[in-house]
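Trainee: no FASTA, just this:
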């Protein structure tokens with residue numbers, strides 16, 4: 001991500017987003033798309049119900065081609081799931097973005113690391129697209145705890161194996177660790193052991209739209225807030241984009257104590273979330289703006305419903321979240337506000 005952060009066109013896109021959100025200038029198309037390419041998952045996580053979702057609809061390659069053809073402003077593509085690597089054409093989806101989006105540079109993919117050989121094979125193909133690829137592998141604690149949370153007896157072993165296999169082929173790979181009620185007691189010791197390889201940290205989130213886990217209680221309160229303060233103090237900056245992760249951790253601690261909007265939210269301004277059934281959302285917490293099965297992406301992005309929902313977001317009339325999938329966009333769009341929020345008492 002270092003090369004991408006220094007890419008001049010990215011700065012221009014960020015400025016256009018800010019001018020559109022704050023001063024009413026013409027709204028550009030999104031520079032980030034979070035695309036859920038499947039709800040199929042080979043883990044059975046305790047705090048996420050995507051794996052058990054009855055909604056197993058897929059968009060076709062032709063659907064993705066049309067979407068990418070309509071968004072020449074795309075810079076950052078994130079392919080998620082379910083488990084993204086269960087979809088055999090994951091590399092073809094990325095290639096379509098490269099073919100039709102001249103500014104796309106960055107590709108990020110989270111994985112549970114369960115299918116080592118498939119993941120390595122497909123990652124090699126993804127690297128050949130020319131995109132700057134970043135893979136994160138879920139690792140939520142020591143072996144027994146991770147396997148319990150992930151619902152798989154050998155999930156930890158496979159995640160570790162995949163991490164080292166990806167390191168061997170030279171792709172940017174780190175662990176992503178999520179704080180849950182189930183790993184709170186062991187998280188500090190776990191983090192101390194794996195800190196040099198952990199690049200992303202988050203906490204239990206709830207969303208009917210994405211995680212389908214409204215029956216789960218999201219983390220909040222003093223205990224997880226103190227944990228994130230400790231993580232922020234102990235998080236080591238190794239690359240330029242780690243400064244944003246460190247700020248994310250500091251701001252997360254404040255959010256967990258008081259769930260309010262931390263920064264001006266750019267969901268629906270800088271990016272969009274595309275679900276497997278074609279519905280387009282600004283984030284995981286707001287209603288759908290329309291379906292790609294019924295309208296074009298541009299029609300949805302510039303439609304009446306989208307404009308009404310953007311007004312709600314600006315007025316803070318939304319659920320107010322702090323999720324890695326969207327917080328990075330807010331921090332890079334409003335870096336001075338992020339610094340103040342992160343480091344002020």
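Mentor: Cool, got the structure. All values reported here derive from a predicted model rather than from experimental measurement. Numbering: from 1, shown residues only.

Trainee: so who does the nearest residue to residue 294 once chain neighbours are set aside touch?
Mentor: Spatially, and ignoring its direct neighbours in sequence, residue 294 is nearest to residue 278 (8.0 Å; Cβ to Cβ, 6 or more residues apart in numbering). Using the backbone N, CA and C atoms, a C-beta is placed for each residue, glycine as well. Applying Cβ atoms under 8 Å, 6 or more residues apart in numbering, we find residue 278 in contact with 57, 59, 63, 291-294.

Trainee: same deal with residue 326?
Mentor: 34, 265-267, 271, 283-284.

Trainee: could you redo the last one with a cut-off of 7 Å?
Mentor: Each residue near residue 326 by Cβ atoms under 7 Å, 6 or more residues apart in numbering is listed here: 267, 283.

Trainee: Then residue 268?
Mentor: 282, 306, 309-310, 313 are the contacts of residue 268 under Cβ under 7 Å, 6+ apart.

Trainee: what does residue 126 give?
Mentor: 91, 94, 107, 133.

Trainee: for the helix or strand hosting the last one, packing partners?
Mentor: The one in question is residue 133. According to DSSP states H and E, residue 133 maps onto strand 132-138. On a contact count with 3 or more Cβ pairs under 7 Å, 6 or more residues apart in numbering; DSSP states H and E, strand 132-138 meets strand 106-111, helix 116-127, helix 155-169, strand 172-179.

Trainee: Next, format these as JSON lines and append distance to residue 240 and mean pLDDT.
Mentor: JSON lines is the format used below for those (distance: least, Cβ to Cβ, whole Å; pLDDT from 0 to 100):
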{"stretch": "strand 106-111", "distance to residue 240": "13", "mean pLDDT": "97"}
{"stretch": "helix 116-127", "distance to residue 240": "21", "mean pLDDT": "98"}
{"stretch": "helix 155-169", "distance to residue 240": "20", "mean pLDDT": "97"}
{"stretch": "strand 172-179", "distance to residue 240": "13", "mean pLDDT": "96"}
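
Trainee: Make a markdown table out of the ones you listed and add distance to residue 14.
Mentor: Formatted as a markdown table, the helices and strands packed on strand 132-138 follow (distance: least, Cβ to Cβ, whole Å):
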| stretch | distance to residue 14 |
| --- | --- |
| strand 106-111 | 13 |
| helix 116-127 | 25 |
| helix 155-169 | 29 |
| strand 172-179 | 22 |
